[in-house]
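1. Just a sequence and a predicted model for now, questions to come.
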Amino acid sequence: MVSLPGSPATSLLQVLFLGLSTFAPPACAQLQLHTPAGLTRLRAVEGAEVVLPAWYTYRGETTLAQPPLEVLTLMWFLEQSGKDLKQVLAYINGVTTSQPGASLVYAMPSRNVSLRLQGLQEKDSGSYRCSLNVQDRQGKSRGHSSKTLTLDVLIPPAPPSCHLLGVPRVGTNVTLSCQSPRSKPIAQYEWERSPPSAEVFFAPVLDTIRGSLSLKNLSASMSGVYICKAYNEVGSAHCNVTLEVSTGQ
Ligand SMILES: *[C@@H]1O[C@H](CO)[C@@H](O)[C@H](O)[C@H]1NC(C)=O
Ligand SMILES: *[C@@H]1O[C@H](CO)[C@@H](O)[C@H](O)[C@H]1NC(C)=O
Ligand SMILES: *[C@@H]1O[C@H](CO)[C@@H](O)[C@H](O)[C@H]1NC(C)=O
Ligand SMILES: *[C@@H]1O[C@H](CO)[C@@H](O)[C@H](O)[C@H]1NC(C)=O
């Protein structure tokens, strides 16, 4: 290639200009894919469904007019760190192919290309990239645009198991433990004693992260049913353990 005269900045501009005028007519820059303002991350609960909203316009247009004669190539990809890019849905030459549970919210052709995901699983978490190519009927490009939305699939705590660690005799110490096998984000824990002698426990006897309740210097009056609640922002689950403090030696 012949080197262009002028400063590096001028050369760059010329290269850009040549590039644009060769491969992309000015009209192409006008295609714009949109997601709701300020929305980059969505959260949804395992088993439920979610809609990843996206639509396109041409700059200067204000309404979502019915598509003119244009040919769409639409793809939704899932990007997960350490994994290959996965195609979730594609609409090419009027044909839609998709992974199980994935569908378009609106029948094509539509300028609203929102993706619906049903029966969510934890492994559906990741960055969803919508990529759109539009050509007119003559095969001339009307532009390309892409947008990304990140999805976090959350899991309410599974029922925890409660255990008594230690021998509950007057004057000894015991620990009540509580663990939920599965949750996202990680569960936190609360312990309380059920009526008639209801009591709620706090740190330092309660470890909200590990789920343990430390009871020291037991007395007979501390006998009763202790209830643990495992919770996160999308749900909670309980278990309990009965403490019987014996007076025998
Ligand atoms: C496209 O559809 C989504 C999902 O129904 C919706 O949230 C969004 O507002 C729609 N976009 C426009 C511009 O109507
Ligand atoms: C019970 O806990 C107290 C306070 O932490 C400690 O001083 C004591 O040694 C413990 N007793 C037993 C039997 O471990
Ligand atoms: C344990 O409790 C008894 C009565 O409940 C009390 O007299 C004793 O001082 C306590 N011991 C400790 C180490 O706190
Ligand atoms: C303790 O758990 C059992 C089953 O795990 C339940 O039937 C019972 O109602 C619970 N008791 C209290 C006081 O929560």
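-> Perfect, thanks for sending it. Ligands and ions are numbered 1, 2, ... in the order given.

2. Spell out for me which residue occupies the centre of this protein.
-> residue 152 (1.1 Å; CA atoms, centre = their mean).

3. who are the neighbours in contact with that residue?
-> 41, 42, 43, 44, 125 (CB atoms under 8 Å, 6 or more residues apart in numbering). No exception for glycine: its C-beta is placed from N, CA and C like everyone else's.

4. Looking at the residues you listed, spot the one nearest residue 114.
-> residue 42 (11.7 Å; CB to CB).

5. Return the residues of the protein in contact with ligand 1.
-> 51, 53, 55, 64, 105, 112, 114 (CB under 6 Å from any ligand atom).

6. Please check the residues you listed and keep the buried ones.
-> 53, 55, 114 (16 or more other CB atoms under 10 Å).

7. For the last one, which non-adjacent residue is closest in space?
-> If the residues on either side of it in the chain are set aside, residue 114 comes closest to residue 105, at 4.2 Å by CB to CB, 6 or more residues apart in numbering.

8. same thing with the first one?
-> Once its chain neighbours are removed from consideration, residue 53 has its nearest residue in residue 114; the separation is 4.7 Å (CB to CB, 6+ apart).

9. In this structure the one you found contacts residue 50, no?
-> No - using CB atoms under 8 Å, residue 114 is not in contact with residue 50; the gap is 10.3 Å.

10. which helices and strands does the helix or strand hosting residue 213 pack with?
-> Residue 213 is part of strand 212-215, with elements assigned from DSSP states H and E. Here strand 212-215 touches strand 174-179, strand 206-207, going by 3 or more CB pairs under 8 Å, 6 or more residues apart in numbering; DSSP states H and E.

11. and the residue in the chain positioned nearest to ligand 2, how many neighbours?
-> When distances are taken as CB to the nearest ligand atom, the chain reaches nearest to ligand 2 at residue 173, 3.7 Å away. Using other CB atoms under 10 Å, residue 173 is surrounded by 13 other residues.

12. The one 4 residues further on too?
-> Residue neighbour count, defined by other CB under 10 Å, stands at 19 for residue 177.

13. list the contacts for it?
-> Per CB under 8 Å, 6+ apart, neighbours of residue 177: 162, 163, 165, 210, 211, 212.

14. Can you check the pLDDT for the second one?
-> In other words, residue 163. Here, the pLDDT recorded for residue 163 equals 98.

15. What residues sit buried inside the strand or helix carrying residue 149?
-> Using DSSP H and E, residue 149 sits within strand 141-154. For strand 141-154, a neighbour-count test (16+ other CB under 10 Å) marks 142, 143, 144, 145, 147, 149, 151, 153, 154 as buried.

16. Done for today, thanks.
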